[in-house]
Every structure is written in structure tokens, then in C-alpha cells.
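I need the structure of the sequence given here:
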Amino acid sequence: MEGAPVASELAQMRGKIAVVRVRGYLDHNTADVLDELIDAHLETGCYAIIFDLGGVKYIGSRGWSVFLRKIKQVRDRGGDLKLACMNEDVYEVFKVLEFFWFLRSYDTLEEAVLAFEYDTPPMP
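Residues are numbered from 1 along each chain as shown. This next block holds a predicted model:
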């Protein structure tokens, strides 16, 4: 699947942070893989998850809905989901849909990692 997350790696910076690299298209064909991946991290006790969306060309409504559905589960456990490295087209949709009220986005992975130390998550 072109839009499926192709790798999930843990960064040991200020604790356990999962960095999930996503490539291709995140749509109705591939969103379930992302959903299952988030569940797998939650089952292992990893509640700090960054999605590196630098390789994503398109996110459809089903892809965005995964982030919105899972954010409450993650925050209820004291964690957060952060988005990083969105290309201009994906970021424009993020802004138009006003998802910045629910999800935080960062230009770089480093900024997202540091944000876990300094940010308070937005209200669910």
C-alpha cells in the first residue's frame, strides 16, 4: 500500500516517543493501517506519538478522521499525537478544516519532539 505507514521507530529523547513515518496517500484504502498502528503503540504504553508526514502527498477525510478519533484515547492516557513535516498541500487542508484546534503541527521532527517537553495538549 503506497499510503501505509512504512516504518515506526522509537526515539529515546526525553522518554519514549514513537516517530511514525507515513508515505504516499492516506485515504480510505490505507487509513485502517494507521488506526491499527496507533492502537499497537497504545497497547505497549507509548502515548507520545509523532507522525512524520513529509512523505504524504494526500490525506483524505478517512485519514484525517483517524487522527481525530484517536486523539481522545491518547490524551486520556496522558499522551498526545503531533503532526510534523506536512507538505504545503496537506497543510493547507489542515488549516482549512481548522484541525489546528485539535492537533498540533510542527515544521520539523525536532520541534515536535521538544514540544512533548514544553507543550500542554489542546483540550479534546
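
hey, C-alpha coordinates of stretch 63-74 in CSV?
In CSV, the C-alpha atoms belonging to stretch 63-74 read as follows (Å, rounded to 0.1, in the frame of the first residue of the first chain):
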residue,chain,number,x,y,z
GLY,A,63,-7.2,9.6,7.0
TRP,A,64,-8.0,12.8,8.9
SER,A,65,-10.8,11.0,10.8
VAL,A,66,-8.2,8.5,12.2
PHE,A,67,-6.3,11.3,13.9
LEU,A,68,-9.4,13.0,15.3
ARG,A,69,-10.8,9.7,16.6
LYS,A,70,-7.6,8.6,18.3
ILE,A,71,-6.6,11.9,19.8
LYS,A,72,-9.0,11.4,22.8
GLN,A,73,-7.8,7.9,23.5
VAL,A,74,-4.2,9.1,23.5
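
Offset the numbering so it begins at 5, please.
Fine by me, first position is 5 from now on; the one you just mentioned is stretch 67-78.

so after the helix or strand harbouring I42, what's the next helix or strand?
Under the criterion of DSSP states H and E, I42 resides in helix 35-47. Counting by DSSP H and E, the element after helix 35-47 in chain order, helix or strand, is strand 52-63.

Could you name the helices and strands sitting against that next one?
Other helices and strands packing on strand 52-63, by 3 or more C-beta pairs under 8 Å, 6 or more residues apart in numbering; DSSP states H and E, are strand 21-30, strand 84-88, helix 92-100, helix 113-122. (Each C-beta comes from the backbone N, C-alpha and C, glycine too.)
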